[in-house]
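A.B. asks: Need a 3D model of the following:
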Amino acid sequence: MVEHPFSPLFDENSKILILGSFPSVKSREQMFFYGHPQNRFWRVVAGVFSQSVPQSIQEKRAFLLKNGIALWDVIASCSITGSADASIKEVTPNDLMPILNGAHIRQIFVNGKTAEKYYNKYTKPMIQRDAVCLPSTSPANAAWSVEKLISAWSVIL
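C.D. replies: Residues are numbered from 1 along each chain as shown. As a prediction, this is how the structure comes out:
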């Protein structure tokens, strides 16, 4: 079993919550979200907000909070091989209540179909809130260009 190694990012001004499935090996090493250089998350959200792409973890934190974005993952622990979403088994979901009680989240989004699957299976029954599924920013989702992702992700505005 692999435990999620870092905390959610949010503050009282967070208005949207974006949930991934589970952090990649690179993200777990960096102890921060979307740490793999091939993941397009940071380029996509920067493009949506017409801002420059944050580079350091400190810049990424500031970018998210400034734009009212809370970030977390659906899964608290699981059995996983490397970073492969397809290998995820024995899921324990994260508790979203600290975020939902500590911020005014108006909409929940999930980054890709794996996050959507586990959100709908474990989280939605507990919190009774729908999540909007956005196309994954993972490099495995090669059919979607950064430009196409930015367009689809613009619904978070």
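A.B. asks: count of residues packed around the nearest residue to residue 91 once chain neighbours are set aside?
C.D. replies: Spatial nearest neighbour of residue 91, chain neighbours left out: residue 78 (4.8 Å); criterion: CB to CB, 6 or more residues apart in numbering. Quick note: C-beta positions are derived from backbone N, CA and C, even for glycine. For residue 78, the neighbour count with other CB atoms under 10 Å is 20.
A.B. asks: same check, this time on the one 10 residues further on
C.D. replies: Look at residue 88: counted by other CB under 10 Å, it has 18 neighbours.
A.B. asks: Tell me the buried residues in stretch 141-157?
C.D. replies: Within stretch 141-157, the residues that qualify as buried are 144, 149, 150, 153, 156, counting by 16 or more other CB atoms under 10 Å.
A.B. asks: Could you dump those into a markdown table and include secondary structure?
C.D. replies: A markdown table is the format used below for these (DSSP: H, G, I helix; E, B strand; the rest coil):
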| residue | secondary structure |
| --- | --- |
| 144 | coil |
| 149 | helix |
| 150 | helix |
| 153 | helix |
| 156 | helix |
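A.B. asks: Nearest to residue 93 among those?
C.D. replies: residue 156 (22.2 Å; CB to CB).
A.B. asks: No further questions, thank you.
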